[in-house]
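Trainee: Here you go, sequence then predicted model.
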Amino acid sequence: MKRPISVFVSPDGSREGTLFWDNDARLVSETGDGGLFRYVTDDPEQRYENTSLLYDLSTTQYYWSISNPEISRFMTELCVSDPVNLYEWYHGMDDRSELLLLSGVRYYLRKGEGLIPYSYEETETGDNSFTGLSLYRTDLALPFAWTYDQTISEEALLSLPPILRQEALLQAAAVRGVPSDTLPEQLKDAENVRPLALSFSKEEGLTHSDHTADAAKKKASLTLKLESSEACESYLYVTGLQFSGRNPDPGNDSWTEPTSVVLRIRFLSGDTVVSEKRLNYRTSYDKWGKDQSDFIVNSGYHEGPVDGAEIIFPEPGLYQMDSLSAYAVDLSKVPGLIAERTSDEIGVPDLHDASMKNVTGRIDYTIRLKDARTVVMQVPYSDGWEAFVDGEKAEIFRVNLMFSGLMLSEGAHEVTLRYHTPFLRTGLLVSLAGAALLIFLLVYEKQKRKESI
């Protein structure tokens, strides 16, 4: 039974829809799970943007016009392939297990059968007859705060190939503003990331070379043979993607160059489709796009073999890329790395909740460190946050491209975070000064008129 909350209609009347109580956020909220965590939903038929607001939950999917730019940078630098690929609209982390765990994603929801991220196991839900969503939970998602005994500069992190950056983030804190240093050897060559041999095996409706695919029709396809891999995530890594459209009907003068193309990528085991992902490339004609041309497309975690991939090109035209490669990512060492990140004693944060859960301008927590550590928090970096450690103001660093972090000494500490909207006080003072000047000018002009009479 459908239980609507409200009906929405766009201002011009072109779009309408219904928002339902029965959604992904309701299923998560009914678990009764306490603490701070995020969730993500993978439903190719229907996306649930901003339903988290109805239940005061945190998520990695949203449509928000004032989204934090650090989040976009995190996604771009890690080459995340997002189905929408806009600055203000996200659908998660392409099921990349390590990124989900780093982002504190405790719950994963999916409709129907498909690959589930590493370590997530199905759990009971309430009535899901309307949504058809299944709920999965992991105990490995990082909590509100976690620690590193090893620190590198952000520049050092970005010197790594993107395929290795997420591996580095599980082992070392990448801090902006610290001096550049030498990368530890274990970060330069991650043993769990293995290149896969790749070859072209079949084409339909296109011609291709190593760096181009010239599609003569819509839904042309190119099939790749991959070195077989099991019990891992399989990645296709595309760099320097570009697209030039071609008018399928030269007599059609109304044709315009597409502003985006959504490539469908099917990962195969023999002739069986194991998973299907979407790569949304936005061209230079799209003013809302992120100007992203490097993408890592994840098959999802698979126990059985994956030995091929089919790329389906939606529009006729020339698709160019600097390189196309494949990798297998072994995740068996992830539990140990997560245990290292959570080995220090960190108290439950007090959020001083405002009108809604997880909406606050102040966070307090205690921490006891065995040695000097970099502490990372599940708070996107923003100039509006101030930190106080044991009552003294402390510098907040941007850590791991997106998060807020502190560099603390050994021992017990009391940490307070406070948020003030950037430039709000300055704007208020400027507004008051402007109002005072206006009043002065009005009084002066009135007085001047009186004197001239």
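Mentor: Looks like it arrived, so ask away. Numbering: from 1, shown residues only.

Trainee: how many other residues sit next to Leu351?
Mentor: The tally of other residues near Leu351 (other C-beta atoms under 10 Å) stands at 18. (Each C-beta comes from the backbone N, C-alpha and C, glycine too.)

Trainee: what about it, distance to Phe403?
Mentor: Using C-beta to C-beta, to the nearest Å, Leu351 is found at 17 Å from Phe403.

Trainee: Next: Val334.
Mentor: 18 Å.

Trainee: Look at the two and report which has more neighbours.
Mentor: Counted by other C-beta under 10 Å, Val334 and Phe403 do not tie: Phe403 has more neighbours, with 25 against 19.

Trainee: so which helix or strand takes in the nearest residue to that one once chain neighbours are set aside?
Mentor: Spatial nearest neighbour of Phe403, excluding adjacent residues (C-beta to C-beta, 6 or more residues apart in numbering): Val376 at 5.2 Å. Taking DSSP states H and E as the definition, one finds Val376 inside strand 373-380.

Trainee: helices or strands up against that strand?
Mentor: In terms of contacts (3 or more C-beta pairs under 8 Å, 6 or more residues apart in numbering; DSSP states H and E), strand 373-380 is packed against strand 145-148, strand 173-175, strand 362-369, strand 397-399, strand 403-408, strand 411-419.

Trainee: After that strand, heading C-terminal, what element do we hit next?
Mentor: Immediately after strand 373-380, counting by DSSP H and E, sits strand 385-389.

Trainee: circling back: by how many degrees do the strand holding Val376 and strand 411-419 diverge?
Mentor: 20 degrees (axes from the mean of the first three to the mean of the last three C-alpha atoms, to 10 degrees).

Trainee: Parallel or antiparallel, which strands does strand 373-380 pair with?
Mentor: strand 145-148 (antiparallel), strand 403-408 (antiparallel) (DSSP bridges).

Trainee: Please enumerate the strands of the stretch 51-200 of the chain.
Mentor: 58-59, 61-63, 89-91, 105-111, 121-123, 133-137, 145-148, 151-153, 173-175, 193-196, 198-204 (DSSP state E, counting those that start in this stretch).

Trainee: Out of these, which is closest to Lys370?
Mentor: strand 145-148 (9.0 Å; C-beta to C-beta).

Trainee: Could you check stretch 261-272 and say which residues are buried?
Mentor: By neighbour count on 16 or more other C-beta atoms under 10 Å, the buried set for stretch 261-272 is 261-263, 265-269.

Trainee: Report how many residues lie close to Val80.
Mentor: Val80, neighbours per other C-beta under 10 Å, totals 23.

Trainee: and it, what does it touch?
Mentor: Going by C-beta atoms under 8 Å, 6 or more residues apart in numbering, Val80 touches 93-94, 96, 99, 295-296.

Trainee: buried ones in stretch 288-300?
Mentor: In stretch 288-300, counting by 16+ other C-beta under 10 Å, buried: 289-290, 292-300.

Trainee: where does the stretch 51-200 of the chain dip in pLDDT?
Mentor: 85, 87-88, 180-182 (pLDDT under 70).

Trainee: Dump the strands of the stretch 51-200 of the chain into CSV; add distance to Leu442 and mean neighbour count as well.
Mentor: Shown next, in CSV, are the strands of the stretch 51-200 of the chain (distance: least, C-beta to C-beta, whole Å; neighbours: other C-beta atoms under 10 Å):
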stretch, distance to Leu442, mean neighbour count
strand 58-59, 49, 21
strand 61-63, 44, 18
strand 89-91, 46, 22
strand 105-111, 57, 23
strand 121-123, 66, 12
strand 133-137, 61, 20
strand 145-148, 53, 24
strand 151-153, 55, 20
strand 173-175, 52, 26
strand 193-196, 69, 16
strand 198-204, 74, 13
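
Trainee: Would you mind saying which of those strands lies nearest Lys277?
Mentor: strand 89-91 (11.3 Å).

Trainee: helices and strands around that closest one, which ones?
Mentor: strand 61-63.

Trainee: could you say what helices and strands the strand it packs on packs with?
Mentor: Strand 61-63 packs on strand 89-91, going by 3+ C-beta pairs under 8 Å, 6+ apart.

Trainee: Show me the contact partners of the strand it packs on.
Mentor: 40, 42, 47, 49, 60-64, 67, 71, 75, 82-84.

Trainee: returning to what we had before: need the contacts of Val80 in CSV (columns: distance to Glu185).
Mentor: Formatted as CSV, those follow (distance: C-beta to C-beta, whole Å):
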residue, distance to Glu185
Met93, 27
Asp94, 29
Arg96, 24
Leu99, 24
Phe295, 28
Ile296, 23
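
Trainee: so which of the residues you listed comes closest to Pro314?
Mentor: Phe295 (15.2 Å).

Trainee: what sits against the closest one?
Mentor: Listed by C-beta under 8 Å, 6+ apart, the contact partners of Phe295 are 79-81, 237-238, 241, 279, 281.

Trainee: what do you get for Pro305?
Mentor: Pro305 touches 228-230, 269, counting by C-beta under 8 Å, 6+ apart.

Trainee: measure it to Gln378 for me?
Mentor: Taking C-beta to C-beta, one finds Pro305 at 35 Å from Gln378.

Trainee: likewise Glu303?
Mentor: Applying C-beta to C-beta, the value for Glu303 to Gln378 is 30 Å.

Trainee: again with Ser404
Mentor: 9 Å.

Trainee: Can I have the buried ones of the contacts of strand 89-91 as a PyMOL selection?
Mentor: To isolate in PyMOL the members of the contacts of strand 89-91 that are buried, counting by 16+ other C-beta under 10 Å, one can use:
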select buried, resi 40+42+47+49+60+61+62+67+71+75+82+83+84
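
Trainee: List just the nearest of the contacts of strand 89-91 to Ser382.
Mentor: For those, the nearest to Ser382 is Ile71 (10.5 Å; C-beta to C-beta).

Trainee: Nothing else from me, thank you.
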